[in-house]
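Just to be clear, the model below is a prediction. Sequence and coordinates:
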Amino acid sequence: MGNLVCPSSYDLGERLRLVLMSVTGGEDKPLKYPTIFDTSDAAILTKRDLIGAVEFDAALVRRNIEAVRPGMSVFTLSAKTGEGMSEYLEAIRAQRRPGQD
């Protein structure tokens, strides 16, 4: 995350803002960088298959996200296995304007 959260303070004209957070980064990121979570429409937790190896507490990160942005959608994805991708892609498709392909 680090310096990549700087644009969160600016309106870049995007229609949908997503914040990506790796499970290897720890559960504290929503509290450490509240602006990016508060200004985003959904949180994407990446590297799902490493949750056990890094002892990531998914319940804690969801509580932290909820503390900053109540009701925020959270998707936990694995690029390796594809887990979580269908739900995430369906949510993105639902955001499309009529007539978009």
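Great, that's in hand.

contacting residues around the residue most central in space within the chain?
When C-alpha atoms, centre = their mean is applied to the chain, the residue found nearest the centroid is residue 43 (1.8 Å). With contact taken as C-beta atoms under 8 Å, 6 or more residues apart in numbering, residue 43 is in contact with 18-21, 30, 37, 65, 69, 72-75. All C-beta spots, glycine's among them, are computed from the backbone N, C-alpha and C.

What helix or strand is it located in?
strand 42-46 (DSSP states H and E).

Can you tell me the strand partners of that strand and which way each runs?
strand 18-22 (parallel), strand 73-76 (parallel) (DSSP bridges).

Quick one: list the elements packing against the helix or strand following the last one.
In other words, strand 73-76. Remark: after strand 73-76, the chain's next helix or strand is helix 85-94, criterion DSSP H and E. Judged by 3 or more C-beta pairs under 8 Å, 6 or more residues apart in numbering; DSSP states H and E, helix 85-94 is in contact with strand 73-76.

export the strand it packs on as PDB, just CAs?
What follows is strand 73-76, C-alpha atoms only, in PDB (Å, rounded to 0.1, in the frame of the first residue of the first chain):
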ATOM      1  CA  SER A  73     -18.100  -5.000   0.100                       C
ATOM      2  CA  VAL A  74     -15.000  -7.200   0.600                       C
ATOM      3  CA  PHE A  75     -13.800  -9.800  -1.800                       C
ATOM      4  CA  THR A  76     -11.100 -12.300  -1.000                       C
END
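
Give me the contact list for that strand.
Strand 73-76 has contacts (C-beta under 8 Å, 6+ apart) with 23, 41-45, 48, 58, 62, 65, 83-84, 87-88, 91.

give me that answer again for 6 Å
Here strand 73-76 makes contact (C-beta atoms under 6 Å, 6 or more residues apart in numbering) with 42-45, 48, 84, 88.

May I see those residues organised as JSON lines, with pLDDT and distance to residue 13 added?
Shown next, in JSON lines, are these (pLDDT from 0 to 100; distance: C-beta to C-beta, whole Å):
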{"residue": "42", "pLDDT": "95", "distance to residue 13": "18"}
{"residue": "43", "pLDDT": "96", "distance to residue 13": "21"}
{"residue": "44", "pLDDT": "96", "distance to residue 13": "20"}
{"residue": "45", "pLDDT": "95", "distance to residue 13": "26"}
{"residue": "48", "pLDDT": "92", "distance to residue 13": "30"}
{"residue": "84", "pLDDT": "94", "distance to residue 13": "28"}
{"residue": "88", "pLDDT": "94", "distance to residue 13": "23"}
